[in-house]
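Undergrad: only geometry, no sequence info:
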């Protein structure tokens, strides 16, 4: 802000002395003095120069770039000095650039830029677009078309993708319309992890998962090739061991006391004979392994008088 003082010189000259704050790092430190003569009926208010507050430096801390940052380590900038900035990865300025500069002016920094979300031109597979743009801002839509005899995974020859916060909503990819596959084959105690489609283009793939306690055997991912799906996996059943079964074979768990136990395929279970029982001749060993829902149990028989000598 400016303050002033009227001064009479030799009874015939009158001047205004103006005092202006000079700001350094946003804090007034110095006074700059300007002297202006007055004529006729003028006064200091009518001849007040419109200089306002004069800045000597600008501070880096006053810069706020949305989705961007100052790329220099310098903290203060003198008048007319430029500060370089960069946008975060995946963001550009309004004119599509990834970097730029702002200038320290008398009134402070020039207009501070904003970095907006962007998507680069995607890669096309068996498809093309008529757009000549090299980048796209958030929510922009890009149309594409498939080559002859090709279609996308929605069985269409044209499609659109949208620039979203994490990139393009889909890949502009088209497949040969010949050799498509139908719904993926069903498997016992399992299903695919995605929503099933009525048809799949060549090269498409899906994944399977098994129900709880079942073990997946084989490749969980199958692929459509020449109109046929590759071999789907199997879900191997768990073994159920109950008190009734153990009572039948005169055995019990060696390490646990439970009424019911689930054992997955490939897991081993260890038993012991009940008190005053011993392993029967030709029996399965007391340690056995679950195989696709099946478990071969050991068998124990009652001790006879004198069995232990």
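TA: The structure has been received and is ready for your questions. If you're wondering where the values come from, they're calculated on a predicted model, not measured in any experiment.
Undergrad: neighbours of residue 122, how many?
TA: 19 (other Cβ atoms under 10 Å). The C-beta positions use only the backbone N, C-alpha and C, and glycine is treated the same way.
Undergrad: and residue 153, by the same measure?
TA: The burial count for residue 153: 18, using other Cβ under 10 Å.
Undergrad: nearest spatial neighbour of it, skipping sequence neighbours?
TA: residue 201 (5.4 Å; Cβ to Cβ, 6 or more residues apart in numbering).
Undergrad: ok, residue 180 next?
TA: Excluding the flanking residues, the one nearest residue 180 by Cβ to Cβ, 6+ apart is residue 199, at 5.1 Å.
Undergrad: list the contacts for the one you found?
TA: By Cβ atoms under 8 Å, 6 or more residues apart in numbering, the contact set of residue 199 is 155, 180-182.
Undergrad: ok, residue 293 next?
TA: Contacts of residue 293 by Cβ under 8 Å, 6+ apart are 236-239, 265.
Undergrad: what does residue 139 give?
TA: Residue 139 neighbours (Cβ under 8 Å, 6+ apart): 162-164.
Undergrad: between these, which is nearest residue 175?
TA: residue 162 (21.0 Å; Cβ to Cβ).
Undergrad: ok so that closest one is a strand residue?
TA: Yes: judged by DSSP: H, G, I helix; E, B strand; the rest coil, residue 162 forms part of a strand.
Undergrad: number of nearby residues for it?
TA: With other Cβ under 10 Å as criterion, residue 162 counts 14.
Undergrad: gap between it and residue 206?
TA: 24 Å (Cβ to Cβ, to the nearest Å).
Undergrad: ok so, going back, list the contacts for the residue nearest to residue 153?
TA: 151-153, 155, 174-177, 180, 224.
Undergrad: residue 145 too?
TA: Counting by Cβ under 8 Å, 6+ apart, residue 145 touches 127-129, 157-159.
Undergrad: over to residue 193?
TA: 206-209.
Undergrad: so, low pLDDT: which residues of the stretch 151-300 of the chain?
TA: 256-260 (pLDDT under 70).
Undergrad: what are the ranges of the helices in it?
TA: 243-248 (DSSP state H, counting those that start in this stretch).
Undergrad: re earlier: give the buried subset of the contacts of residue 201 as a PyMOL selection command.
TA: The following PyMOL line selects those of those that are buried, judged by 16 or more other Cβ atoms under 10 Å:
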select buried, resi 151+152+153+174+175+176+177+180+224
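Undergrad: can you lay out the contacts of residue 201 as a markdown table showing distance to residue 194?
TA: Output for the contacts of residue 201, formatted as a markdown table (distance: Cβ to Cβ, whole Å):
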| residue | distance to residue 194 |
| --- | --- |
| 151 | 19 |
| 152 | 16 |
| 153 | 11 |
| 155 | 16 |
| 174 | 20 |
| 175 | 17 |
| 176 | 22 |
| 177 | 21 |
| 180 | 17 |
| 224 | 13 |
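Undergrad: and which of the contacts of residue 201 is nearest residue 111?
TA: Distances from residue 111 to the contacts of residue 201, taken by Cβ to Cβ, are shortest for residue 152, at 42.9 Å.
Undergrad: let me see the contact set for the closest one.
TA: 127, 146, 159, 172-175, 201.
Undergrad: need those in a markdown table (columns: distance to residue 95).
TA: Output for these, formatted as a markdown table (distance: Cβ to Cβ, whole Å):
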| residue | distance to residue 95 |
| --- | --- |
| 127 | 29 |
| 146 | 33 |
| 159 | 29 |
| 172 | 25 |
| 173 | 31 |
| 174 | 33 |
| 175 | 37 |
| 201 | 39 |
